[in-house]
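[1] Quick one: sequence and predicted model below, then my questions.
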Amino acid sequence: MDSSPLRAHWSLDPDVTFLNHGSFGACPTRVLEEQSRLRARMEANPVRFLHRELPALADAARESLGNFLDANPDDLAFLPNATTGVNTVLRSLRFAPGDELLTTDHEYNASRNALDFVAQEWGVTVVVARLPWPLPSSQAVVDAVLSHVTERTRLLLVDHVTSQTGLVLPVASLVRALKTRGVETLVDGAHGPGQVPVSLRELGAAYYTGNCHKWMCSPKGAAFLYVRRDLQPGIRPLVISHGYNSRREDRSRFRLDFDWMGTNDPTPALCIPTALETVDRLIPGGWTEVMARNRAQALAARSLLHQKLGGAPRCPEDMVGSMATVALPNGFPEEPSALGLDPLQERLFDEHRIEVQITPWPRAPQRHVRISAQLYNSHAEYQRLAEALVALLR
């Protein structure tokens, strides 16, 4: 298999063409080794580790994450995944009948479900801004969202990078525009950090949640929630634990509440510094070059697939990060498999050993292939995908 030499830094199955980093990420071997070392240290004396050593280790990990995100570490809380972050914010906020919660039709299903759940609980309305598809420009996103803002809009929930369609949305423009209208924004950054540069200080969003296990290459179970300092008193974790009545004065109530939410395995978050350092050292230029190279790979793969399958790009190049979506001919989806996956995705794996995401879409064309690009991928792997799709879609 013509894979990248950098694949040696991951423990990926050598018999599989893995083009789906976006779904769950993939953790480099060096990071997994650090996690094993930390777990062994924890199990050697769990009380010593969790009571005496964990606070300092967690502070160091939070400091590293804050540097990467250009954020004050005291404004960050560790969580197991971005879905938990979305739920934490939505279920902390208070609404009144007549309020409107705004999102787009590209929002991630799990986050949209959380929005619908909260709306039902409070008797408020979810308003969905339908984005043009294909998208002519990022400004079209801003225009579509702003056209749905009313005096009743209380919050915008928006993806930084959309899951199904791989679009890098103009979140900075949206945050600024909504703020002038008195509306705060919750950014679902599940795919953001590590795929595109993130400066939470410059963004100014009220809330931002992101995964570290995807494009930052940390172990599964590492994610974060950022809450702007002035809004932290109104946000509480989904699990209330010992921090609720802590008398410590050296940490904010936000930190006390989120730092301990019951016994769990803290090693995914503690591995964030190792993950950031490991990826930074893989190629000259560090993280800046990693993101640029992955984006160039995704754009080249998108162009190749269009050459083989026909059709035109669904968005301009400036809305592409490390993922890209290509509409498939004969795009009407078949009935999903027992696992809920498109049969084409199953056939690509079963018959060609290619792991890639096939995503449904409610409007024509109704089926897309979403490719991901990570350092371990090569252009030859996308050529294999193109050939397999041509054969299967005849």
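    Cool, the structure landed. Numbering: from 1, shown residues only.

[2] and residue 265, what element?
    Assigned by DSSP states H and E, residue 265 falls within no helix or strand.

[3] Please verify my assumption that it contacts residue 221.
    Yes - judged on C-beta atoms under 8 Å, residue 265 makes contact with residue 221 at a distance of 6.9 Å. (Each C-beta comes from the backbone N, C-alpha and C, glycine too.)

[4] more crowded one of these two?
    residue 221 (20 against 14; other C-beta atoms under 10 Å).

[5] who's in contact with the spatially closest residue to the more buried one that is not a sequence neighbour?
    Using C-beta to C-beta, 6 or more residues apart in numbering and skipping residues adjacent in sequence, the residue nearest residue 221 is residue 268, 3.7 Å away. The contact partners of residue 268, taken as C-beta atoms under 8 Å, 6 or more residues apart in numbering, are 35, 80, 212-213, 218-222.

[6] Just the CA atoms of the helix or strand hosting residue 268, as PDB, please.
    In this assignment (DSSP H and E), residue 268 forms part of helix 267-270. C-alpha atoms of helix 267-270 as PDB (Å, rounded to 0.1, in the frame of the first residue of the first chain):
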ATOM      1  CA  THR A 267      -5.200  10.100  31.400                       C
ATOM      2  CA  PRO A 268      -6.700  11.200  28.100                       C
ATOM      3  CA  ALA A 269      -6.600  14.900  29.200                       C
ATOM      4  CA  LEU A 270      -3.200  14.500  30.800                       C
END
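
[7] quick thing: my sequence starts at 260, can you match it?
    Got it, first residue is 260 now, which makes that one helix 526-529.

[8] residues in contact with the residue nearest to residue 389 when sequence neighbours are not counted?
    Nearest-residue entry for residue 389: residue 364, 4.9 Å, with adjacent residues in sequence omitted and distances by C-beta to C-beta, 6+ apart. Contacts for residue 364 (C-beta under 8 Å, 6+ apart) come out as 387-390, 621.

[9] Mind pulling the model confidence for residue 364?
    Residue 364 carries a pLDDT value of 97.

[10] how near is it to residue 620?
    Distance check for residue 364 against residue 620: by C-beta to C-beta, to the nearest Å, it reads 10 Å.

[11] same deal with residue 612?
    According to C-beta to C-beta, residue 612 and residue 620 sit 26 Å apart.

[12] So for those two, which residue has more residues nearby?
    Between residue 612 and residue 620, counting by other C-beta under 10 Å, residue 620 is the more crowded of the two (19 against 15).

[13] In this structure the more buried one contacts residue 421, no?
    No - contact criterion C-beta under 8 Å: residue 620 and residue 421 do not qualify, at 11.2 Å.

[14] For the stretch 460-609 of the chain, just list every one of the helices.
    For the stretch 460-609 of the chain, the helices defined by DSSP state H, counting those that start in this stretch occupy 512-518, 526-529, 531-539, 545-568, 602-611.

[15] just these: most buried one?
    Of all these, helix 526-529 has the most neighbours on average by mean count of other C-beta atoms under 10 Å, namely a mean of 24.

[16] Tell me which residues touch the nearest residue to residue 435 once chain neighbours are set aside, please.
    Once flanking residues are discounted, residue 435 sits nearest to residue 463: 7.4 Å by C-beta to C-beta, 6+ apart. With contacts defined as C-beta under 8 Å, 6+ apart, residue 463 is in contact with 434-435, 438, 487.

[17] mind redoing it with 10 Å?
    Shown in contact with residue 463 (C-beta atoms under 10 Å, 6 or more residues apart in numbering): 431, 434-435, 438, 444, 487.

[18] between residue 620 and residue 421, what contacts are shared?
    364-365, 584.

[19] could you redo those residues as CSV and give each row distance to residue 381?
    As requested, the shared contacts of residue 620 and residue 421 are exported to CSV (distance: C-beta to C-beta, whole Å):
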residue, distance to residue 381
364, 22
365, 24
584, 34
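
[20] What is the nearest of those to residue 606?
    Of all the shared contacts of residue 620 and residue 421, residue 584 has the smallest distance to residue 606: 19.1 Å, by C-beta to C-beta.

[21] Can you check the pLDDT for the closest one?
    So residue 584 comes in at 97 (pLDDT).

[22] can you count the residues close to it?
    25.

[23] Quick check: it touching residue 427?
    No - taking contacts as C-beta atoms under 10 Å, residue 584 lies outside contact range of residue 427: 11.7 Å.

[24] chain center to the helix holding residue 527, what's the gap?
    Distance, stretch centre to chain centre, for helix 526-529: 17 Å (C-alpha atoms, centre = their mean, to the nearest Å).

[25] now swap in stretch 555-562 and tell me
    For stretch 555-562, the distance to the chain centre is 20 Å (C-alpha atoms, centre = their mean).

[26] Give me the contact list for that stretch.
    So stretch 555-562 is contacted by 263, 278, 425, 454, 572-574, 576, 579-585, 628, 630-634, 636-638, 640-642, 644-645 (C-beta under 10 Å, 6+ apart).

[27] And these, which of them are buried?
    Buried subset of these (neighbour count, 16 or more other C-beta atoms under 10 Å): 263, 278, 425, 454, 572-574, 579-585, 628, 630-634, 636-637, 640-641, 644-645.

[28] for the record, mean pLDDT for stretch 332-340?
    Stretch 332-340 comes out at a mean pLDDT of 98.

[29] residues of it that come out buried?
    Buried positions in stretch 332-340, judged by neighbour count with 16+ other C-beta under 10 Å: 332, 334-340.
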